[in-house]
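**Student:** Model the following, please.
(chains A and B)
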2 protein chains.
Amino acid sequence: MADAVVRPKKPATKKRTPAGGAPTAAHTAAEADEARIDLALVADRLLGTWADTRREARELIKDPVFHKVEGMPMAEHRERALSQLHLLAQQGASRRAFPREYGGLEDNGANLAGFEELVLADPSMQIKGGVQWGLFGSAIHQLGTKKHWDKWLPGVIDLSLPGAFAMTEIGHGSDVAALGTTATYDPDTQEFVIHTPFRAATKEYLGNAALHGRAATVFAQLITGGVNYGVHCFFVPIRDDEGAMLPGITSEDDGVKGGLNGIDNGRLAFDHVRVPRENLLNRYGDVDADGTYRSDIPSPGRRFFTMLGALVQGRVSLDGAATVGTALAEHIAITYGNQRRQFDSGAGTEEVVLLDYGKHQRRLLPRLAQTYAQFFAHDELLRKYDGVFSGRTDTPDEREDLETLAAALKPLSTWNALDTIQECREACGGAGFMAENRLVGLHHDLDVYVTFEGDNNVLLQLVGKRLLSDYAKQFAGADAASLARFAVGQTAGRIFHGAGLRQLGQTVADFGSTARSVELGLRADQQHELLAGRVQQMVADLAAALRPAAKLSQAEAAALFNSHQTELIEAARAHGELLQWEAFTDGVAAIDDEATGQVLGWLRDLFGLWLIEKHLAWHLINGRLSGQRAASVSRYIDRLCARLRPHAQDLVDAFGFAPEHVRAPIALGGERERQDEARAYYAALKASGQAPVSEKSLRKK
Amino acid sequence: MADAVVRPKKPATKKRTPAGGAPTAAHTAAEADEARIDLALVADRLLGTWADTRREARELIKDPVFHKVEGMPMAEHRERALSQLHLLAQQGASRRAFPREYGGLEDNGANLAGFEELVLADPSMQIKGGVQWGLFGSAIHQLGTKKHWDKWLPGVIDLSLPGAFAMTEIGHGSDVAALGTTATYDPDTQEFVIHTPFRAATKEYLGNAALHGRAATVFAQLITGGVNYGVHCFFVPIRDDEGAMLPGITSEDDGVKGGLNGIDNGRLAFDHVRVPRENLLNRYGDVDADGTYRSDIPSPGRRFFTMLGALVQGRVSLDGAATVGTALAEHIAITYGNQRRQFDSGAGTEEVVLLDYGKHQRRLLPRLAQTYAQFFAHDELLRKYDGVFSGRTDTPDEREDLETLAAALKPLSTWNALDTIQECREACGGAGFMAENRLVGLHHDLDVYVTFEGDNNVLLQLVGKRLLSDYAKQFAGADAASLARFAVGQTAGRIFHGAGLRQLGQTVADFGSTARSVELGLRADQQHELLAGRVQQMVADLAAALRPAAKLSQAEAAALFNSHQTELIEAARAHGELLQWEAFTDGVAAIDDEATGQVLGWLRDLFGLWLIEKHLAWHLINGRLSGQRAASVSRYIDRLCARLRPHAQDLVDAFGFAPEHVRAPIALGGERERQDEARAYYAALKASGQAPVSEKSLRKK
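**Tutor:** As a prediction, this is how the structure comes out:
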């Protein structure tokens, strides 16, 4: 099935002869008198810029040795995940991001693309790989210098040096600047003394800490000469070659978690552990032998954020992995919903296919549209990441944009993963609750994505603050006349979008080419106007509400800000949704196959309208939509769902998953086989003349 | 802590001296210059009509032998759950619903109340107990007659006869009438032949089927004399005393599930298995020795629904269990959120308590209000159930109302459980993902509550149809004049509420006594008008939209209905929300302690406003709220959250959970202890004169 998608054996037919029936009656695009997507083309676009790497990764993980075994006890699962990482390293899957000098490929985009696909095999393997190569390895690579690379990168890449990334503490997760662990320089011995001064400063939730890590990249307050220079990262060996803890270091096991139980998360505490001065990962700050601190970045705040920004890839990759995992759930639920039947319609003997129910379409299809949007948005994000980390576009502005984009998209896609996987699991009923059908496992494993690598609400708050500061910049040098113009609201949109936070793509493509949703005055350009207008208005309203803060005490200002925290986060969410919509629109515009463009245009419309419906009250209150037009939004969504229903299977087949990726029995044809068997039984019974008559028919006589 | 709630050692003080500070700055009601709830009183009201039984059950499950062990391998967990059931039986916890003749108490309400509390110990134990006593046992009790009770009830109660409830099949879950299993009467041997004619007819997801069940109550199409009399229930032995499958019966193991892995769910298939004629549970239909079918209920449809209705207790109990489980999650998250600190506010050195953040309040407090509403609504439901099943109010109308109420409330509370537990887990960050803190386990175990014992969407659709038929009844004998009056809309509310679906309580109590939310024109009576008006309008709109169906072909009518399925389900949801709001309002009105009534009144307002905010676009489109008033709803919710924030701990303490029920380390004071230790460390360091100075302060010099 998926092979046919990725390497089509026959060309996809575009136009079919009419087969009659209303949209909800047609179960496939072939049955419907309609355009049909070019499966191979869409599959290719969804795989995105690094399609080859994604195909390579998917091919690799067809091997059952990489597949999660549901219900495997934790201890066994942890060893399995470790052995899978060894296999990945042997297959060269761990080296893509690293310098060529150490056997790497220096291909940052490909590295994350390949990594993201691993979620199809086992999210534990994916995240344990992320700990080793994306966090521990990246800390050495991005925060260290050549002497560190020479010493440790080969072991990082070939996994002879498994490591933990020791940033979070029991007492401080999101607020990294307030970490309690200290690294105090001792000039007499030219060593740093790594110390956990109290229980809350214990490093916590660290993959590889409980069992497998031999070293850790430890974030600690760098103190030298009686001055605290803020959080820096240190390479600290934690276990000897036999796996015993080194002196002064204690490890505790986090035990069972809500998911990802193939990872040995744990705690690390340090009791005056000494490491050589050279173990400071010194790309952004260093200490001389005599204890003098030096850094190319004089501002402590900017230095701190530069160091954290160097580790943005975790967030980028979660956006992609969450999207792939969500797509898998939709593939399973829509394939099953397209075969499973329940209740006859009262109109005949044949029971109704679940996906023919209006509510079932409403549950699954808008979420499918959301996932499509995420694929396109993620590819844009990944390209931006690759540009910055390859050095091609590595400017402070681009870095800041990248970080803001990642902070805007990762919350939306990881939350959507949980929402959509759950809806898919419920849409499959009891079968959805069986571990073998994968939906519950996906939910368990992806659950923590919404709070790790940056808590989603904290990330959106960062985005909101950025939106506010970009907004304020418009007026920094503005004269009274331009402010007045702004106040009139005539040019607000242009001012804001012209110089404000960059959009994802270059510009949103000409709407004309994809504006197929002409009905009801909710065409693409009007969707954009509503979505973009909402972001602008929300930010402007917030800025106005927070303006008095400048004249308040710090405590009063904090209270004012706090009273608008919810709206700030909502504005950031609206911004992220706009970016996803724009990326989807650009993606559709880039498709020159007419039939494919038409169907994906409907899907993009469904996404846009669904976003507008979610925030319909806002559009009404703010006079963006009349009551009449607002009322038409939900009806239009229902109609789009019905129109897309025959294309649903094509749209999830275009994800390109092979049976080895899907694995869920309910999505591999078993349901249809059982129905055929039951149908044959009843037909044979009828033909035999032995079929019992119903009591009802008897009573009629 | 909880002991103080249930058996207060000192009277709760009602008024405190002002401690100053804005509402968000006060962390406890004692600090705030406000009323304070009477903890013991509220705890008592939440425990409801069967408070004594609930206290008894909670006391029993303080014993660690009943506590879920997170991460326990499935096989071990299953045996543990079985042994827990034996302990429950020994303690007399299994007999409450059964006849006195067999050692029972004939106390239906108490039975479910006690059963619901078991979710605090281990949901697997709760549901496995539900399978044995609530499904298998109830089928024998409710669908069988004295000969069956004599033979099997003692073994059901003391667990010497563990059983499965074999209704659902692989091919048919929600559509029970279409089951494929047959029970064909053979007059020659006076036996029923139980048979699984094809794979899809295999009984599926049955607790006790994989391992522990010795018998099953099997639902099958009763065929005698060549006539199918529809689905009936049969007692079928499945294993011998050594646990070996009996001839003709095969069992398969469902294996690992998304949760509830202490239950041995599995499949059962029957190959022409013969059981004596007497094994038909014959309360509602019987077969004579010669094969003649007889029933007191001539209509096959009504007979079928009567049999299913006799098993409504599963839905009733899930409403309660989901509410208790949700309350536990809120207790954990709010207690932690009230101690955990992160980020300083910029206004001082002390970091901010999570629950002081506006967004954190917004995430947790409306959901707390929802849970309070559920406690009150559930107690009403349980009283109605007890009335019907005790025989006191056992009329067809009351039975139908009970079934509709259960179908309206169970979906709302089980979905809210998943939503709220997930929000609680995220609000606790990484700590929320650790199994020891229980939130992930609760989510996993309660996940299936939304699709079993009636899929939530299917149940709401039933409620929606009932609303439509009640609505239609208003006009059955109406003359032209009354129809015209209705059309004018003057009396729609009265007509609808007067003769339509009964409200939960008798009448909603006088709003005046609890109408404390006078601001902004959103007082209790206005909340009620909006919530009730929405139900009425939605049903009326649906009826109008579906009116043409009468003139359409069956297929066209089905298509028309299908195109409005989403709205039908939404109308049912609105109805359920209204019932919850009314029950909450009645509950608050019944409280004569002024301070308690005031705080709970705010909480009820929060619930009402939150419901209105959820459907704000509807209220705007339908002209129920002006844009200005609508805009004030969200602001008012923010203010209610801030006002309730100092009471948050009291409100979750009033759930009355003891540490043995909570068990989550993050909710048992560890976080506060660690903060105190860290604070002491920094204070001592400062006092020592050895504290490093910050780079920032250095640079200022």
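**Student:** Tell me which residues of the host helix or strand of residue A:559 come out buried.
**Tutor:** Secondary structure assignment for residue A:559, by DSSP states H and E: helix A:554-563. Neighbour counts over helix A:554-563 (16 or more other CB atoms under 10 Å in any protein chain shown) mark A:557-559, A:561-563 as buried. Just so you know, the C-beta spots here come from the backbone N, C-alpha and C atoms, and that holds for glycine as well.
**Student:** same thing with stretch A:592-604?
**Tutor:** A:593, A:595-604.
**Student:** Check which helix or strand residue A:660 maps to.
**Tutor:** Counting by DSSP H and E, residue A:660 is found in helix A:659-662.
**Student:** ok, and what's touching that helix?
**Tutor:** Contact with helix A:659-662 is made by A:1-2, A:58, A:61-62, A:64, A:67, A:120-121, A:328, A:331-332, A:335, A:438, A:668, as judged by CB atoms under 8 Å, 6 or more residues apart in numbering or on different chains.
**Student:** Keep only those of those that are also close to chain B.
**Tutor:** Among the contacts of helix A:659-662, no residue lies close to chain B (CB under 8 Å from any CB of the partner chain).
**Student:** Distance of the closest residue to residue A:651 other than its chain neighbours relative to residue A:590?
**Tutor:** Once flanking residues are discounted, residue A:651 sits nearest to residue A:368: 6.1 Å by CB to CB, 6 or more residues apart in numbering or on different chains. Counting by CB to CB, to the nearest Å, the separation of residue A:368 from residue A:590 is 20 Å.
**Student:** follow-up on the earlier one: from the contacts of helix A:659-662, list just the buried residues.
**Tutor:** Looks like the contacts of helix A:659-662 have A:2, A:58, A:61, A:67, A:120-121, A:328, A:331-332, A:335, A:438, A:668 buried, using 16+ other CB under 10 Å.
**Student:** What is the subsequent helix or strand relative to the helix holding residue A:559?
**Tutor:** That would be, after helix A:554-563 and using DSSP H and E, helix A:565-589.
**Student:** Now do the next helix or strand after that next one: which elements does it pack against?
**Tutor:** Counting by DSSP H and E, the next helix or strand C-terminal to helix A:565-589 is helix A:594-614. If contacts are counted by 3 or more CB pairs under 8 Å, 6 or more residues apart in numbering or on different chains; DSSP states H and E, helix A:594-614 sits against helix A:39-47, helix A:358-390, helix A:524-546, helix A:565-589, helix A:627-644, helix A:648-653.
**Student:** Show me where the stretch 151-300 of chain A has its helices.
**Tutor:** For the stretch 151-300 of chain A, the helices defined by DSSP state H, counting those that start in this stretch occupy A:300-309.
**Student:** Of all residues in it, which one is closest to chain B?
**Tutor:** The nearest approach of the stretch 151-300 of chain A to chain B comes at residue A:258, 2.9 Å away (CB to the nearest CB).
**Student:** quick one: contacts for the closest residue to that residue other than its chain neighbours?
**Tutor:** For residue A:258, ignoring the flanking residues on the chain, the nearest one in space by CB to CB, 6+ apart is residue B:440 at 2.9 Å. Neighbouring residues of residue B:440 by CB under 8 Å, 6+ apart: A:257-259, A:444, A:447, B:425, B:432-434.
**Student:** pretty sure residue B:440 is in a helix, no?
**Tutor:** Yes: membership of residue B:440 in a helix is supported by DSSP: H, G, I helix; E, B strand; the rest coil.
**Student:** And the pLDDT at it?
**Tutor:** Predicted confidence (pLDDT) at residue B:440: the value is 98.
**Student:** so how far is residue B:452 from it?
**Tutor:** In terms of CB to CB, residue B:440 sits 20 Å off from residue B:452.
**Student:** OK, contacts around residue A:552?
**Tutor:** Going by CB under 8 Å, 6+ apart, the list of residues near residue A:552 reads residue A:560.
**Student:** ok, now residue A:425?
**Tutor:** Counted by CB under 8 Å, 6+ apart, residue A:425 has contacts A:329, A:333, A:432-433, A:439-440, A:443, B:258, B:447.
**Student:** Go through those and name the one nearest residue A:547.
**Tutor:** residue A:443 (42.6 Å; CB to CB).
**Student:** you'd agree the closest one is in a helix?
**Tutor:** Yes: assigned with three-state DSSP, residue A:443 falls within a helix.
**Student:** With adjacent residues omitted, what lies nearest to it?
**Tutor:** That would be residue A:421: by CB to CB, 6+ apart, it lies 4.7 Å from residue A:443.
**Student:** Look up phi and psi at the one you found.
**Tutor:** Here is the backbone geometry of residue A:421 (degrees, to the nearest 10): phi -60, psi -40.
**Student:** State the number of residues packed around it.
**Tutor:** 30 (other CB atoms under 10 Å in any protein chain shown).
**Student:** any idea how far it is from residue A:332?
**Tutor:** 9 Å.
**Student:** Give the buried residues for stretch A:381-391.
**Tutor:** Quick answer for stretch A:381-391 (16+ other CB under 10 Å): A:381-389.
**Student:** rewinding a little: same list (the helices and strands packed on helix A:594-614) but as CSV, adding mean pLDDT.
**Tutor:** CSV is the format used below for those (pLDDT from 0 to 100):
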stretch, mean pLDDT
helix A:39-47, 97
helix A:358-390, 97
helix A:524-546, 93
helix A:565-589, 96
helix A:627-644, 93
helix A:648-653, 97
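**Student:** Same list (these) but as CSV, adding distance to residue B:292.
**Tutor:** Formatted as CSV, those follow (distance: least, CB to CB, whole Å):
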stretch, distance to residue B:292
helix A:39-47, 60
helix A:358-390, 43
helix A:524-546, 67
helix A:565-589, 66
helix A:627-644, 49
helix A:648-653, 50
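**Student:** The residue nearest to residue A:252 when sequence neighbours are not counted and residue A:319: what is the separation?
**Tutor:** In space, and not counting its chain neighbours, residue A:252 is closest to residue A:267: 4.2 Å by CB to CB, 6+ apart. Remark: distance between residue A:267 and residue A:319 (CB to CB) = 28 Å.
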